[in-house]
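*Asks:* prediction below, plus the sequence it came from.
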Amino acid sequence: MTIHTLIDFYQSLGAWAILVSLGFNILLNILGFLPSVFLTLANVAVWGPWFGGVLSWVAEVIGSVCAFVLYRFGLTRGGEKLKSEKWERWFIRLQRWSNGKQAYLIFLARCIPVLPSGVVNLFGVLAKIQITSFVLGTVLGKIPSIAVEVSISSGLLAMNKGWTQLSIVLVVVLIGFVLFRKKKVS
């Protein structure tokens, strides 16, 4: 399915497209490895940057929380076989953190638009982060992430006048990524 097909599909559904967009985003979060940036692009194309951005943000938050709950339920029943001994001590240390620190960690992870939601969702479950910390970090962290996606989407949709904006956003994201990696290494 191309982005133009998705946009045409949304437009053909009228108001029902909002629920379909929410459903697609929830499904993508549960699957965990597919990027949702194309859904944000379609939302921005159909509903504009403000409503499309808010819809993408709400859908990402709902999808992430649904995935978190399902993963937690599945891993609890399945015996948490995904943890390795190598990571065990690190996860135990994270479990001792305060709810505020846990929420901040999720917030930081959510701010990175290129980090798949499924990775953050699974990490939150494996680290046994409190659901309140997970939801708070997701709600706040998805704001800058979706803002970057909306800005890039708006730039792509208005290619002839959006090159400068798109270039600035990409440079800022790249600088942020480099600084994050440098701080992580230090």
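*Replies:* Yes, it's here.
*Asks:* tell me which residue is most central in the chain.
*Replies:* The centroid of the chain falls nearest to Ser117 when counting by CA atoms, centre = their mean (4.3 Å).
*Asks:* for that one, what are its contacts?
*Replies:* The neighbourhood of Ser117, defined by CB atoms under 8 Å, 6 or more residues apart in numbering, consists of Leu28, Asn29, Gly32, Ser36, Glu60, Gly63, Ser64, Ala67. The C-beta positions use only the backbone N, C-alpha and C, and glycine is treated the same way.
*Asks:* quick check: the second one touching Ala67?
*Replies:* Yes - between Asn29 and Ala67 there is a contact at 4.4 Å, judged by CB atoms under 8 Å.
*Asks:* where along this protein do the helices fall?
*Replies:* 3-13, 16-31, 37-78, 85-95, 99-110, 117-126, 131-157, 159-185 (DSSP state H).
*Asks:* now the longest one and helix 131-157, what's the angle there?
*Replies:* Compare the direction of helix 37-78 with that of helix 131-157 by axes from the mean of the first three to the mean of the last three CA atoms, to 10 degrees and you get 160 degrees.
*Asks:* gap between helix 37-78 and the chain center?
*Replies:* Averaging C-alpha positions (CA atoms, centre = their mean, to the nearest Å) puts helix 37-78 7 Å from its chain's average.
*Asks:* angle of that helix against helix 3-13?
*Replies:* 90 degrees.
*Asks:* do the same with the fifth one
*Replies:* Inter-element angle recorded for helix 99-110 and helix 3-13: 110 degrees (by the same axes, to 10 degrees).
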